[in-house]
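**Student:** Take this sequence and fold it.
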Amino acid sequence: HRGAAGTKSQSEKIAEAGAVRRDGERLQAVLLRLLITWLHGCPSAVNAFLAPAAHLPMLADLARVGAGSSGSPHVAGLAAVLLGCCLASDADGGAGAWHVDAHAVLDVVTARVGLNEYFTRWEEMRRTAEFTAAAAAP
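**Tutor:** Just a heads-up that it's a prediction; the model follows:
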């Protein structure tokens with residue numbers, strides 16, 4: 001027996017929760033893509049992004065688990081790409097009062113993600129149907 005009109009069934013609640021999770025993953029992926037565009041090849045942007053101490057560990061954790069307990073290959077893969085931008089910025093010869101040290105970034109990646117997992121995240125993202133379709137687009 002169903003309750004008052006408008007009461008959602010358990011399956012409707014589960015479907016709604018899944019849609020909210022997918023929307024959150026989509027938003028995270030969009031924000032990560034924006035950050036990649038901003039940070040790629042710009043050491044001063046990387047320095048600004050990593051100046052708050054919490055950003056690097058949070059980004060490493062996102063690369064490790066993706067979005068939430070189920071994980072998203074796109075979120076985890078894009079977080080790994082963003083970490084790569086941070087690693088590569090040191091090679092670009094950053095200047096300024098505070099400079100990102102690639103060794104420090106690599107230490108965090110190694111400790112929180114692991115190098116094998118780090119590269120696996122990128123490969124998992126590349127194998128998804130969405131990535132393959134986007135790469136094949138003209």
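**Student:** Might you list the low-confidence residue ranges for this structure?
**Tutor:** 1-6, 17-21, 66-70, 90-99 (pLDDT under 70).
**Student:** Show me the residue at the heart of it, geometrically.
**Tutor:** A79 (2.7 Å; Cα atoms, centre = their mean).
**Student:** which ones are touching it?
**Tutor:** 32, 59-60, 62-63, 66, 121 (Cβ atoms under 8 Å, 6 or more residues apart in numbering). (Glycine included, C-beta is placed from N, CA and C.)
**Student:** Try it again at 6 Å.
**Tutor:** By Cβ atoms under 6 Å, 6 or more residues apart in numbering, the contact list for A79 reads 59, 62-63.
**Student:** swap in D23?
**Tutor:** Contacts of D23 (Cβ under 6 Å, 6+ apart): none.
**Student:** now, which of the contacts of A79 sits nearest T110?
**Tutor:** A63 (11.9 Å; Cβ to Cβ).
**Student:** one step back: among the contacts of A79, which lie within strands?
**Tutor:** Nothing among those maps onto strands, per DSSP state E.
**Student:** would a markdown table of those with distance to C42 and neighbour count be doable?
**Tutor:** Shown next, in a markdown table, are these (distance: Cβ to Cβ, whole Å; neighbours: other Cβ atoms under 10 Å):
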| residue | distance to C42 | neighbour count |
| --- | --- | --- |
| L59 | 16 | 24 |
| L62 | 21 | 24 |
| A63 | 20 | 27 |
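**Student:** Check the spacing between C86 and G41 real quick.
**Tutor:** 12 Å (Cβ to Cβ, to the nearest Å).
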